[in-house]
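**Student:** no sequence on this one, just coordinates:
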């Protein structure tokens, strides 16, 4: 059974960098052909795919967030991390880490972590 668990601060100040980690159990993040993604959902809005890191360490980003996003991994911890810079209140959302098959089907989700952006 694959499990994903997000961790990180629940409150970030405007203009700061948000850093979230996802610890994976039950699978290695280097297993082909899976990708490890971040998806968020703001209040009253739909799901937004933010980016992913692949089993081959390639990274992919949503064009709208690419300039502010960075996804990396630590294979020794089986963990991947999202950094989102220059946050604004519009970045407040529930952030999910997700396993995607070939950047397509999302088959495992973390429980989600609420992030608030406020001074």
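**Tutor:** That came through, no problem. No experiment lies behind these values; they were computed from the predicted model shown.

**Student:** looking at this structure, which residue lies furthest from center?
**Tutor:** residue 119 (23.0 Å; CA atoms, centre = their mean).

**Student:** State the pLDDT value of it.
**Tutor:** In the predicted model, residue 119 carries a pLDDT score of 93.

**Student:** next one: residue 45
**Tutor:** Residue 45 is given a pLDDT of 89.

**Student:** related to what we said a few turns ago, now the residue farthest from the centre of the chain: closest residue in space that isn't a chain neighbour?
**Tutor:** residue 13 (5.3 Å; CB to CB, 6 or more residues apart in numbering). Backbone N, C-alpha and C define where each C-beta goes, glycine included.

**Student:** separation between the residue positioned nearest the centre of the chain and residue 5?
**Tutor:** Nearest residue to the geometric centre of the chain (CA atoms, centre = their mean): residue 38, 2.6 Å. Distance, residue 38 to residue 5, by CB to CB, to the nearest Å: 14 Å.

**Student:** Check residue 28 too.
**Tutor:** Distance from residue 28 to residue 5, by CB to CB: 16 Å.

**Student:** Between these two, which has more neighbouring residues?
**Tutor:** Taking other CB atoms under 10 Å, residue 28 and residue 5 do not tie; residue 5 has more neighbours (14 against 11).

**Student:** Which strands or helices does the helix or strand that one falls within pack on?
**Tutor:** Residue 5 belongs to strand 3-7 when assigned by DSSP states H and E. For strand 3-7, the elements it packs on are strand 18-25, strand 93-101, strand 105-109, judged by 3 or more CB pairs under 8 Å, 6 or more residues apart in numbering; DSSP states H and E.
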